[in-house]
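K.L.:
model this:
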Amino acid sequence: MRRLGCFICLAILLFGAPLARASIFGNIRGIVHDPQHRPIEGATATLRAVSSDWSKTAKTNQDGEFEFDAVSVGDYRITISHPGFTTLEQTLTVNSGAAPILHFPLEIASVSQSVEVTASANQVNPESSTTQNSISRSAIAQTPGADRTNSLAMITEYVPSATVVHDQLHIRGGHQVSWLVDGVPVPNTNIASNVGPQFDPKDIDYLEVQRGGYSAEYGDRTYGMFNVVPRTGFERNNQADLVTSFGSLYQTNDQLSFGSHTRRFAYYASVNGNRTDRGLEPPAAKEIHDLGSGLGGFTSLIFNATPNDQLRLVSSSRQDHYQAPNTPGDQAAGIRDVENEHDAFVNFSWLHTAGPGLVLTVSPFYHYNRAHYIGGPNDTPIIPESDRGSQYIGGQATLSVVKGAHNARAGFTAFGQRDNTLFGITANDGSGQSLHQREKLWGSVSALYLEDQFKATSWLTLNGGVRYTHYSGSLVENATNPRIGAAIQIPKARWVLRGFYGRYYQAPPLSTISGPLIDFALQRGFSFLPLRGERDEQWEVGLAIPVRGWTLDLDHFSTRARNFFDHDALGNSNIFFPLTIETARIRGTEATLGSPRIFGRMQIHAAFSNQTVEGGGAVSGGLTDFTPPDEGFFLLDHDQRNTLS
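P.N.:
Next up, the predicted model:
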């Protein structure tokens with residue numbers, strides 16, 4: 001009861017105080033001037049989203065300056081007009097946390113005025129030391145298989161080093177990634193317990209992927225950040241879409257979505273269903289006992305309460321059912337294991353523009369995640385069962401200030417976690433031995449961060465910050481992690497050279513083993529060591545080369561980890577015991593290539609990665625038999641590879 005009271009108090013504090021979120025917004029600042037570089041006062045700047053009807057208008061001040069605050073990630077067109085001058089139009093991409101200053105030179109209008117369209121303002125973000133990709137809705141729709149429910153092709157086709165192995169997403173050799181929707185985190189400290197993705201790709205407008213060089217604002221899930229910008233309804237006008245398909249292996253991917261908007265309100269909602277006879281990666285050449293099916297729903301609401309206040313609500317719920325695939329021998333033996341999963345979240349955000357360049361964001365959130373593995377009566381030598389339900393409740397608060405050469409943010413985030421876990425094993429040798437144990441565990445994570453992006457010169461931007469994290473569960477840990485980076489834009493060529501160094505702390509899962517189960521394990525030479533947080537040290541350098549709409553991005557990174565998170569499967573099941581390895585080192589080189597639209601009909605992309613992932617030392621946490629470790633470093637089995645898409 002004492003822990004329950006603490007948990008409730010934490011929730012009240014989170015929802016009552018100014019709490020925040022990681023940003024999916026950027027600022028756009030511009031200066032409008034005439035051919036003699038004199039500022040033009042009263043010019044009209046109109047910003048319009050490429051993929052929807054969203055728009056915003058601003059006027060320039062006496063210095064020719066204008067600003068758009070809290071602009072969502074995505075592609076936009078900006079139009080500058082003023083009587084007596086030609087109208088200028090430009091396309092640009094907004095990245096989260098960015099605040100570029102753009103210059104718009106207007107020419108004196110001739111007798112017959114015309115519209116001048118220029119190239120994109122920036123093909124790469126010249127101020128960021130973060131390695132990132134931005135994947136649009138149109139790219140997802142046009143990439144084969146990427147918009148299928150429960151597909152991760154939108155990531156594996158565009159992100160270097162991203163692969164799906166044993167039905168789990170791996171990036172840069174690690175499992176732990178963060179998902180955010182509308183900038184609000186969907187926390188999940190469990191490792192490899194779910195195989196179903198949380199999002200239907202057809203509900204995504206943009207997916208911003210960061211895979212290194214994170215600012216202090218973003219958390220500590222070292223291996224990948226997926227920032228989902230969902231569809232909002234601004235792209236529709238009282239419109240409903242039905243998508244349905246049928247293919248080999250009795251595969252269906254169906255969705256009904258509808259949405260619309262006014263000047264102040266927009267809504268989008270969808271329901272989806274899917275099934276296939278190849279749900280999980282089969283252990284044999286033929287799919288046997290491998291059905292997968294699911295149902296889900298998604299909602300996004302946006303309301304502009306005042307010109308300075310915006311309210312956002314995003315919610316989702318889905319259920320998935322998987323048969324554990326068999327070999328011919330398993331099928332003949334009558335093995336029929338299944339996995340049932342449920343995931344639901346609701347996120348709310350209040351964005352308040354307190355002044356030019358000053359934005360406060362308040363975001364409480366809730367996430368429920370469950371994975372239930374049920375062994376069949378013919379399993380041998382034991383029948384396993386694992387049923388874990390996790391609830392997360394918390395919030396974040398961020399204050400961002402964009403002024404002059406500074407783009408600063410400060411924030412606080414916290415959530416409480418409650419796990420309700422049933423684990424059981426039943427001997428199938430006629431002995432009647434059976435062990436079933438239920439555990440209810442509590443934990444919390446809180447973090448405080450401060451960072452600044454300082455544009456020292458027109459070609460040099462410095463990024464620096466610090467993040468303090470406190471974890472409380474079966475043990476208590478604290479970490480203070482600095483992060484520094486720089487971005488240099490080479491004059492005239494407009495190439496961008498990046499460099500970054502940072503440290504991370506990743507809180508451990510709450511999973512533990514005690515009571516009869518630990519006694520059972522001790523009888524067989526095993527024990528369970530407490531799981532500690534993973535601590536990572538990372539550096540990387542990169543070079544982005546934009547040429548006539550083409551962009552080549554090169555990156556080299558190195559990560560050293562202590563208490564590296566991995567997992568071990570229980571027999572031929574989807575039950576994974578989390579464990580930590582004493583140390584690990586990950587090194588890799590990545591390259592991405594993107595083209596503009598060619599002949600108005602096609603685009604080219606390529607993503608390549610070469611990496612190695614090596615472990616060293618003993619198992620330092622989780623279930624272990626204390627086997628002496630191999631001397632030196634050893635390759636971790638499935639996490640080193642060349643990837644090319």
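
K.L.:
in this protein, which residue is closest to the centre?
P.N.:
Taking C-alpha atoms, centre = their mean, the centroid of the chain lies closest to Phe226, which sits 1.7 Å from it.

K.L.:
what's near enough to touch it?
P.N.:
Contact analysis of Phe226 by C-beta atoms under 8 Å, 6 or more residues apart in numbering lists Ile155, Val177, Ser178, Trp179, Leu180, Leu207, Glu208, Val209. Yep, even glycine has a C-beta here, placed from its N, CA and C like the rest.

K.L.:
Provide the backbone phi and psi angles at the second one.
P.N.:
Just to be clear, that refers to Val177. Torsion angles at Val177 (phi, psi; degrees, to the nearest 10) stand at phi -130, psi 160.

K.L.:
what's the answer for the third one, then?
P.N.:
Torsion angles at Ser178 (phi, psi; degrees, to the nearest 10) stand at phi -110, psi 140.

K.L.:
that one and Ser363, how far apart?
P.N.:
Note on Ser178: its distance to Ser363, by C-beta to C-beta, to the nearest Å, is 15 Å.

K.L.:
more neighbours, these two?
P.N.:
The neighbour count for Ser178 versus Ser363, taken as other C-beta atoms under 10 Å, is higher for Ser363 (25 against 22).

K.L.:
can I take it that that one is in a strand?
P.N.:
Yes - under DSSP: H, G, I helix; E, B strand; the rest coil, Ser363 sits within a strand.

K.L.:
where do the helices sit along this protein?
P.N.:
With DSSP state H applied, the chain shows helices at 2-16, 137-142, 153-156, 328-332, 516-523, listed in chain order.

K.L.:
which residues does the nearest residue to Thr276 once chain neighbours are set aside contact?
P.N.:
Nearest residue to Thr276, sequence neighbours excluded (C-beta to C-beta, 6 or more residues apart in numbering): Gln251, at 4.2 Å. The contact partners of Gln251, by C-beta under 8 Å, 6+ apart, come to Ser245, Asn274, Arg275, Thr276, Asp277, Arg278.

K.L.:
now, of these, which are buried?
P.N.:
Asn274, Arg275, Thr276, Arg278 (16 or more other C-beta atoms under 10 Å).

K.L.:
and those, which is closest to Gly533?
P.N.:
Asn274 (35.8 Å; C-beta to C-beta).

K.L.:
look up how far Phe199 lies from the closest one.
P.N.:
Distance, Asn274 to Phe199, by C-beta to C-beta: 13 Å.

K.L.:
for Arg48, same thing?
P.N.:
26 Å.

K.L.:
ok, the two, which is more surrounded?
P.N.:
Phe199 (23 against 15).

K.L.:
dump the buried ones among the contacts of Gln251 to JSON lines, plus pLDDT and distance to Gly296.
P.N.:
JSON lines is the format used below for the buried ones among the contacts of Gln251 (pLDDT from 0 to 100; distance: C-beta to C-beta, whole Å):
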{"residue": "Asn274", "pLDDT": "94", "distance to Gly296": "8"}
{"residue": "Arg275", "pLDDT": "94", "distance to Gly296": "13"}
{"residue": "Thr276", "pLDDT": "94", "distance to Gly296": "15"}
{"residue": "Arg278", "pLDDT": "92", "distance to Gly296": "19"}
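
K.L.:
those residues: which two are farthest apart?
P.N.:
Asn274 and Arg278 (11.9 Å).

K.L.:
shared neighbours, these two?
P.N.:
Gln251, Gly292.

K.L.:
now do the same for Thr398: its pLDDT.
P.N.:
Note on Thr398: pLDDT of 92.

K.L.:
give me the neighbour count for it.
P.N.:
Other residues close to Thr398 by other C-beta under 10 Å number 25.

K.L.:
which stretches of the chain have low pLDDT?
P.N.:
Counting by pLDDT under 70, the chain has low-confidence residues at 1-24, 36, 109-123, 513-526, 569-576, 637-640.

K.L.:
next step: the contacts of Gln251 restricted to strands.
P.N.:
Asn274, Arg275, Thr276 (DSSP state E).

K.L.:
which residues touch the residue lying closest to the second one once chain neighbours are set aside?
P.N.:
Setting aside the residues directly before and after it, Arg275 is nearest to Ser293 in space (C-beta to C-beta, 6+ apart), at 4.0 Å. With contacts defined as C-beta under 8 Å, 6+ apart, the neighbours of Ser293 are Gly273, Asn274, Arg275, Thr276, Gly279, Asp320, His321.

K.L.:
which residues does Ser293 form beta bridges with?
P.N.:
Assessed by DSSP bridges, Ser293 has beta-bridge partners Arg275, His321.

K.L.:
picking up where we left off before, of the ones in strands among the contacts of Gln251, closest to Gln506?
P.N.:
Asn274 (31.5 Å).

K.L.:
the contacts of Gln251 into TSV, with extra columns for distance to Gly259?
P.N.:
Shown next, in TSV, are the contacts of Gln251 (distance: C-beta to C-beta, whole Å):
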residue	distance to Gly259
Ser245	21
Asn274	21
Arg275	26
Thr276	27
Asp277	33
Arg278	32
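
K.L.:
list just the nearest of those residues to Ala332.
P.N.:
Nearest member of the contacts of Gln251 to Ala332, counting by C-beta to C-beta, is Asp277, at 18.7 Å.

K.L.:
from Asp330, how far out is the residue nearest to the closest one when sequence neighbours are not counted?
P.N.:
In space, and not counting its chain neighbours, Asp277 is closest to Leu249: 4.2 Å by C-beta to C-beta, 6+ apart. Leu249 sits 19 Å away from Asp330, going by C-beta to C-beta.

K.L.:
again, but for Tyr250
P.N.:
21 Å.

K.L.:
next one: Val164
P.N.:
Distance, Val164 to Asp330, using C-beta to C-beta: 22 Å.

K.L.:
now Ser81
P.N.:
Distance, Ser81 to Asp330, using C-beta to C-beta: 69 Å.

K.L.:
and Leu531, by the same measure?
P.N.:
31 Å.

K.L.:
Tyr250 and Asp330: which is more packed in?
P.N.:
Asp330 (22 against 11).

K.L.:
the residue lying closest to Leu623 once chain neighbours are set aside: how many residues sit nearby?
P.N.:
Once flanking residues are discounted, Leu623 sits nearest to Phe577: 4.7 Å by C-beta to C-beta, 6+ apart. Using other C-beta under 10 Å, Phe577 has 19 neighbouring residues.

K.L.:
Phe577 contacts Leu531, doesn't it?
P.N.:
No - the criterion here is C-beta atoms under 8 Å, and Phe577 misses it with Leu531 at 10.1 Å.
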